[in-house]
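Trainee: coords please:
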Amino acid sequence: DDNGCYSLEGAVYGVYASYGNAYNDTDRIASISTDANGYGRAAGLARGTYYVKELTAPKGFKADKGIYTAVINSATVATRLNVRDEPGADPLEIVVRKKDADGDIYLNGAKFVVKYYDVQMDTDPAESGKTPKRTWYLVTGEGNNYSGAADLNVKNLDPSKASDEFYMTPAGNPTIPYGTITVREYEAPEGYITDDTVYTFKITADLNSTPTVDILNRRTVTNRKIKQPFAIKKYGRYPDGDIPLSGAGFMAAPVSVLNTDEEGNYIWDESKAVILTPDGEKELITDESGYALSVSLDYGRYLVHETTVPAHFLPCEDFIVEINTASAEPKEYTRYDEYNPPELGTSAADGDTGNSQGKVGEKASIIDRVRYKNLVVGKEYTIKGILIDKSTGKPFTDGGKEITAEKTFTAAAASGSIDMEYTFSSKSLAGKELVVFEALYYEGTEIAAHNDLEDEEQTVKYPDDEVNTGDGTPVTAAAVFMLLAGAGIMLLRKETR
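Mentor: This next block holds a predicted model:
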């Protein structure tokens, strides 16, 4: 096949008078060297039986270990002895290996182009203008007792490419002659980066013994997994605009390990979450600018779930992050949490009457039941209230002091109520109305208030010109006249002339 890595010239044979001498290479009678056509001769041998053994194989061939018998019966007719050397070759094998924190992973589906050159070089022969003699396209798969392998076998050829015929051994097995092969990946398995490096391997032999190709048999090419970080820009959505939202926490889990509901939606499972931060944490928290950046994640699709929701916001819906590009630049996702403002409602009542009718006297009180909702369970809140004179819209004062109340509590539920008590003297309130204003504070900031001068439920009324019947019930002057008349008592007034 005109392969420069092989030659018939240079084979050396010894000629011996006995089998034992041939075996031990002792008492050699003659030596025969072959020419470029593989022909050699020894002259001047007497009639008789001789034993012939190959001492040195020609270039590219394995030494023949057999001992052959030649019988010379004539001084004028040459005795012909035909011998055959087996050409050296390499049963090529490719193993693609990916190393990561989990150890060695052998990958199926890697596609390689293998080119054979009939020269021996340490560098890619193509760079020196050489043309490959044959080219094969292989796909790694299961075989040879491990995965991620592709040997010279028809079943491993890429059907989408046109490969040349294999070189075959006399036994009919595919092989590669001595020379140089190059191996280059042209398509990586899904989720991995194609390694376009050209790997060069010499197929060589030790001319005095068996070929040394065994040490080059296993070509190992490492693939690098596709990795990329992702980033979240988080905003709080208020009625009057959006602002960056700090303190929002997120976790992510590969969708491949999550269950789905009847409608095919992924079900969040915190136990499947992956590490997202450089210090090994699984929760990613947004900073003051509402930004959070993950570490690089392996190729795949991830369900991202908001695990820590800032106070008084509703969490955003779960969303999918898809890692399919090898890049240090993050994929960015913008998400919004809707503002969920706390709300207050109040019901004020006189401490004595238990209703909205107040009692004029030295000592009086108002109990205001404050109802709240949309609080965060476990968070601490403070309610502050003040009594307002409805006629002036200004704080009511008793002895020059505004009447206020304050309570701090930890929300046991998102909705509930708390009673606020105000004590004061109501002697100056005949004919007036007091309205209770309440405000809710979180971390020192007012987040809700109920301040409506016209809200009857916040209002306690104090009637004018009260008379007490003795049972605590105030009555007006008109009522007194009716009671006296009913008792049969008539009041007369005497006027003098």
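Trainee: What residues are bridge-paired with the most centrally placed residue in the chain?
Mentor: Centroid check for the chain by Cα atoms, centre = their mean gives residue 297 as the closest residue, at 4.1 Å. Applying DSSP bridges to residue 297 yields these beta-bridge partners: residue 228.
Trainee: ok, so what distance separates it from residue 316?
Mentor: The spacing between residue 297 and residue 316, counted by Cβ to Cβ, to the nearest Å, is 20 Å. Using the backbone N, CA and C atoms, a C-beta is placed for each residue, glycine as well.
Trainee: what do you get for residue 292?
Mentor: Here the criterion is Cβ to Cβ. By it, residue 292 lies 13 Å from residue 316.
Trainee: Same question for residue 114.
Mentor: In terms of Cβ to Cβ, residue 114 sits 51 Å off from residue 316.
Trainee: Can you mark which positions in stretch 162-172 are buried?
Mentor: 163, 166-167 (16 or more other Cβ atoms under 10 Å).
Trainee: One more: stretch 57-77?
Mentor: Buried residues in stretch 57-77, counted by 16+ other Cβ under 10 Å: 57-64.
Trainee: out of those residues, which are inside helices?
Mentor: Nothing among those maps onto helices, per DSSP state H.
Trainee: related to what we said a few turns ago, which of the buried residues of stretch 162-172 sits closest to residue 380?
Mentor: Checking the buried residues of stretch 162-172 against residue 380 by Cβ to Cβ gives residue 163 as the nearest, at 73.4 Å.
Trainee: To what extent is the closest residue to the closest one other than its chain neighbours buried, counted in neighbours?
Mentor: Among residues not flanking residue 163 along the chain, residue 136 sits closest, at 4.5 Å (Cβ to Cβ, 6 or more residues apart in numbering). When neighbours are defined as other Cβ atoms under 10 Å, residue 136 has 24 of them.
Trainee: What distance do you get for residue 136 to residue 364?
Mentor: 101 Å.
Trainee: contacting residues for the residue nearest to the centre of the chain?
Mentor: By Cβ atoms under 8 Å, 6 or more residues apart in numbering, the residues touching residue 297 are 227-230, 252, 274, 321, 323.
Trainee: go on, residue 68?
Mentor: Here residue 68 is in contact with 51-53, 81, 83 (Cβ under 8 Å, 6+ apart).
Trainee: How about the contacts made by the closest residue to residue 457 other than its chain neighbours?
Mentor: Among residues not flanking residue 457 along the chain, residue 347 sits closest, at 5.0 Å (Cβ to Cβ, 6+ apart). Counting by Cβ under 8 Å, 6+ apart, residue 347 touches 368-369, 371, 457-458.
Trainee: wait, doesn't residue 331 sit right on residue 227?
Mentor: No - under the criterion of Cβ atoms under 8 Å, residue 331 makes no contact with residue 227, lying 11.6 Å away.
Trainee: who touches both of those two?
Mentor: residue 323.
Trainee: Was I right to think the residue nearest to residue 163 contacts residue 150?
Mentor: No - shown here, residue 136 and residue 150 do not form a contact pair, counting by Cβ under 8 Å, at 9.5 Å.
Trainee: shared neighbours of those two, which are they?
Mentor: Common neighbours of residue 136 and residue 150 (Cβ under 8 Å, 6+ apart) do not exist.
Trainee: list the contacts for the nearest residue to residue 373 once chain neighbours are set aside?
Mentor: Nearest residue to residue 373, sequence neighbours excluded (Cβ to Cβ, 6+ apart): residue 415, at 4.1 Å. Residues near residue 415 by Cβ under 8 Å, 6+ apart: 371-375.
Trainee: buried sites along the helix or strand hosting the residue nearest to residue 457?
Mentor: Counting by DSSP states H and E, the element that carries residue 347 is strand 343-350. For strand 343-350, the neighbour count (16+ other Cβ under 10 Å) marks 344, 346-350 as buried.
Trainee: Now the phi/psi pair for residue 156, please.
Mentor: Per-residue torsions, residue 156: phi -100, psi 0 (degrees, to the nearest 10).
Trainee: Just send the buried residues of strand 343-350 back as JSON lines, with pLDDT and distance to residue 448 too.
Mentor: JSON lines is the format used below for these (pLDDT from 0 to 100; distance: Cβ to Cβ, whole Å):
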{"residue": "344", "pLDDT": "94", "distance to residue 448": "5"}
{"residue": "346", "pLDDT": "93", "distance to residue 448": "11"}
{"residue": "347", "pLDDT": "95", "distance to residue 448": "16"}
{"residue": "348", "pLDDT": "96", "distance to residue 448": "17"}
{"residue": "349", "pLDDT": "96", "distance to residue 448": "22"}
{"residue": "350", "pLDDT": "95", "distance to residue 448": "25"}
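Trainee: These into a markdown table, with extra columns for distance to residue 236?
Mentor: A markdown table is the format used below for those (distance: Cβ to Cβ, whole Å):
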| residue | distance to residue 236 |
| --- | --- |
| 344 | 21 |
| 346 | 27 |
| 347 | 32 |
| 348 | 33 |
| 349 | 37 |
| 350 | 41 |
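Trainee: Determine which two of these are furthest apart.
Mentor: 344 and 350 (20.8 Å).
Trainee: rewinding a little: distance check, the residue nearest to residue 373 against residue 310.
Mentor: Taking Cβ to Cβ, one finds residue 415 at 19 Å from residue 310.
Trainee: got it, and residue 74?
Mentor: 109 Å.
Trainee: Now, the contacts of residue 68 that are in strands?
Mentor: Mapping those onto strands (DSSP state E) picks out 51-53.
Trainee: Of those, grab the buried ones for PyMOL.
Mentor: Of those, the buried ones go into a single PyMOL selection, burial set by 16+ other Cβ under 10 Å:
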select buried, resi 51+52+53
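Trainee: I'd like the ones in strands among the contacts of residue 68 written out as TSV, with distance to residue 428 and pLDDT added.
Mentor: Listed next are these as TSV, based on distance: Cβ to Cβ, whole Å; pLDDT from 0 to 100:
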residue	distance to residue 428	pLDDT
51	141	94
52	139	93
53	135	92
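Trainee: quick one on the thing from earlier: can you say which of the contacts of residue 415 are buried?
Mentor: Those of the contacts of residue 415 that meet the buried threshold are 372-375, by 16+ other Cβ under 10 Å.
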